[in-house]
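# Coordinates only, no sequence provided:
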DNA sequence: CCCTGATTCGC
DNA sequence: GCGAATCAGG
C-alpha cells in the first residue's frame, strides 16, 4: 500500500483524534504501526497535544553490530476476552450527553467521540448502543447508550470497534 | 509481557 | 520517502 491522498487524510484525522499508531495502522490496513509513526514524523505531525512521552532520543549506538534475533511472533491471543475485560471508562458521566448524531449529511461512522451515557441495563432500548463499560459484576457497570446505528446494537464508534479483530480492538472505551 | 511513540538508517 | 529494527519508557 502507498500513501495516497485519501490514506494520508485519514491518517491525519485519526492521529488528530488521538488514536494510537497501531490503531490507525489497523484502520488503514496494509501498513504497520511503524509505517504510521514514520509517516507522522515525516509530515511533522508528531506533537499531538500533550500526549506522548518524548524526552529525547538517543543515538542508535553502534549500528550493525549485533542484529540479534527477531522478537519472534506475537500472535497468541488471550483465550476469553469477553465484555468483562472492557476497560472501565475513564470518561466521567455526563448527565445529558447528546447522542452521537450529525446535523449535516456526513456519514455517521466518522463520529469518533464516544462519550458514554452510562445507561443502566433497564434503560437500554432498540436505539441505544449496547457497548458495555466496566466490569459486569461491578456497580459501575453501564452501557454506552449513545444512538445506535440502524443496522446494529452499537453506536457508530463502538460498531467500528466491534467489527475489528480483537487483536486490534484492545481496550475499548 | 502488553503497549506507546521516537529514532535511525538501508532501501 | 518509506518503514523495519530498535530504543526508551509506561
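All right, it came through fine. What you see is a predicted model; the values in this text were computed from it and never measured. Numbers count the residues shown, from 1 in each chain, chains lettered A, B, ... in the order given.
# CA atoms for contacts and neighbours, from now on please.
Fine.
# Now do the top helix by length along chain A, average pLDDT.
Of all the segments of type helix in chain A, defined by DSSP state H, the longest one is helix A:5-17. Helix A:5-17 comes out with an average pLDDT of 87.
# can you list the domain ranges for chain A.
Following automatic domain parsing, chain A resolves into domains at A:1-57, A:121-172.
# rank the ones you listed by pLDDT, which is bottom?
The lowest average pLDDT among the domains of chain A, as it happens, falls on domain A:121-172, at a mean of 68.
# Residue of chain A closest to DNA strand B, please.
Closest residue of chain A to DNA strand B, C-alpha to the nearest atom of the strand: residue A:20 (3.0 Å).
# what's the burial count for residue A:139?
Close neighbours of residue A:139, defined as other C-alpha atoms under 10 Å, add up to 8.
# so residue A:140 makes contact with residue A:134?
Yes - counting by C-alpha atoms under 8 Å, residue A:140 sits close enough to residue A:134 to count as a contact (6.5 Å).
# okay, these two: which has more neighbours?
residue A:134 (23 against 14).
# State the distance from the more buried one to residue A:143.
Per C-alpha to C-alpha, to the nearest Å, residue A:134 is found 9 Å from residue A:143.
# Residue A:46 now?
With C-alpha to C-alpha as the criterion, residue A:46 and residue A:143 are 34 Å apart.
# And residue A:30, by the same measure?
33 Å.
# Look at the two and report which has more neighbours.
residue A:143 (22 against 11).
# What backbone torsions are found at that one?
Phi and psi for residue A:143, reported as degrees, to the nearest 10, are phi -110, psi 160.
# Report the spatially nearest residue to it, omitting neighbours in sequence.
Closest residue to residue A:143 apart from its sequence neighbours, by C-alpha to C-alpha, 6 or more residues apart in numbering: residue A:132 at 4.5 Å.
# got the contact list for residue A:30?
residue A:1 (C-alpha atoms under 8 Å, 6 or more residues apart in numbering).
# What does it show for phi and psi?
According to degrees, to the nearest 10, residue A:30 has phi 80, psi 0.
# how close does it get to residue A:3?
Going from residue A:30 to residue A:3 by C-alpha to C-alpha gives 10 Å.
# Please see if stretch A:30-38 touches DNA strand B.
Yes - legend: contact between stretch A:30-38 and DNA strand B by C-alpha under 7 Å from any atom of the strand is shown at A:33, A:34, A:37, A:38.
# Among these, the buried ones, what's the PyMOL command?
Buried residues among those (16 or more other C-alpha atoms under 10 Å), as a PyMOL selection:
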select buried, chain A and resi 33+37
